[in-house]
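**Q** sharing a model prediction with you, sequence too.
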Amino acid sequence: MKYAIISDIHGNLEALTSVLAEIENRSIETTLCLGDVVGYGPNPNECIALIREKATSILAGNHDHAPIGKLDTSYFNPWARSAIEWTRENLDDVAVRFLVDLPLKREIDGFTIVHATPHEPGEWNYIVTIGDAIKNFPEFKNQICFIGHSHVPMIISLDGKDNCSVVRDNPLEIRDDLRYIINVGSVGQPRDYNPLASFGIYDDEQRTYELCRVEYDIATTQSKIRDSNLPVFLAERLEVGQ
Ligand code: ZN
């Protein structure tokens, strides 16, 4: 089966629509969402409605918990905090009820999905270094754990002698003798200096993983952000992917 694994949509409807079109073009049966459906972007309710329709499993991210009072906003930087306040004021009741019950971590058909880290997923720590990965490999039993949260795509492997390495192959041929933590990047606010929307495709029969990047109408998202009185920086960062 092929799985599309998407994360960090952040209320960016144009990016989400383009990614879902690509998933449909490639005839991928199952879409999984690793959280942060809302926060930063101008269309939180629309993104929730669309992802509920298209994804078979949806996890909570820190930006899904903050606007509904499940996470203290002092944790966030000023732009994020002001976007969270905006999101709180603009979420409809259906969206709030939906966000309350999302799980933090799941096992799906022999692999693990989580927004932030397999270890203490509700602490919202990051896996960005080899050291972070070494701490987290013992915290899931499956061969592969897919994550989001940093908005930077990355693959880290672990061999049988506890050596971790960053893997840059794309597509990746999954080796039976390695375990992997794979960050699928962000649909709605990429931060690896590539503004294209990011998501992953995992094929458990072919044993491959591919990082995909798709164009979307950034100018429309930017003008919606400016018209919504969200911080202008949140519009500017989209075109540089930062
Ligand atoms: Zn995020």
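**A** Ah, there it is. Everything numeric in this text was worked out from a predicted model, so none of it was measured.

**Q** do a quick rundown of the strands in this protein.
**A** Under the criterion DSSP state E, the chain carries strands at the ranges 2-6, 30-33, 57-58, 105-108, 111-114, 144-147, 154-158, 164-166, 172-173, 179-183, 197-203, 208-214.

**Q** which parts of the last one are buried?
**A** In this case it means strand 208-214. For strand 208-214, a neighbour-count test (16 or more other Cβ atoms under 10 Å) marks Y209, E210, L211, C212, R213, V214 as buried. Yep, even glycine has a C-beta here, placed from its N, CA and C like the rest.

**Q** in a markdown table: the strands of the chain, plus distance to the ion and mean pLDDT.
**A** Output for those, formatted as a markdown table (distance: least, Cβ to the ion, whole Å; pLDDT from 0 to 100):
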| stretch | distance to the ion | mean pLDDT |
| --- | --- | --- |
| strand 2-6 | 12 | 98 |
| strand 30-33 | 12 | 98 |
| strand 57-58 | 14 | 98 |
| strand 105-108 | 16 | 97 |
| strand 111-114 | 13 | 98 |
| strand 144-147 | 11 | 98 |
| strand 154-158 | 14 | 98 |
| strand 164-166 | 21 | 97 |
| strand 172-173 | 23 | 98 |
| strand 179-183 | 11 | 98 |
| strand 197-203 | 12 | 98 |
| strand 208-214 | 17 | 98 |
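
**Q** of those strands, which approaches W79 most closely?
**A** Closest of the strands of the chain to W79 is strand 197-203, at 20.1 Å (criterion: Cβ to Cβ).

**Q** residues of the closest one that come out buried?
**A** A197, S198, F199, G200, I201, Y202.

**Q** please name the nearest non-neighbouring residue to R88.
**A** P67 (4.1 Å; Cβ to Cβ, 6 or more residues apart in numbering).

**Q** elements contacting the helix-or-strand element of the chain with minimal mean pLDDT?
**A** The weakest-scoring helix or strand in the chain, judged by mean pLDDT, DSSP states H and E, is helix 78-90 (a mean of 94). If you count contacts as 3 or more Cβ pairs under 8 Å, 6 or more residues apart in numbering; DSSP states H and E, helix 78-90 packs onto helix 44-54, helix 62-65, helix 232-240.

**Q** looking at those helices, which is nearest to Q222?
**A** Taking Cβ to Cβ, helix 232-240 is the member of those nearest to Q222, at 4.0 Å.

**Q** now do the buried residues in the closest one.
**A** In helix 232-240, counting by 16+ other Cβ under 10 Å, buried: L234, A235, R237, L238.

**Q** my guess is the last one contacts S223, does it?
**A** Put plainly, it is L238. No - contact between L238 and S223 fails when scored by Cβ atoms under 8 Å: they sit 11.1 Å apart.

**Q** tally of neighbours for L50?
**A** 17 (other Cβ atoms under 10 Å).

**Q** list the contacts for it?
**A** L50 makes contact with L13, L16, T17, L20, according to Cβ atoms under 8 Å, 6 or more residues apart in numbering.

**Q** count of neighbours near I218?
**A** I218 has 18 nearby residues by other Cβ under 10 Å.

**Q** same question for F76.
**A** 17.

**Q** that one reaches I84, doesn't it?
**A** Yes - using Cβ under 8 Å, F76 makes contact with I84 at a distance of 6.3 Å.

**Q** find the residues that touch each one of those two.
**A** Counting by Cβ under 8 Å, 6+ apart, the common neighbours of F76 and I84 are A66.
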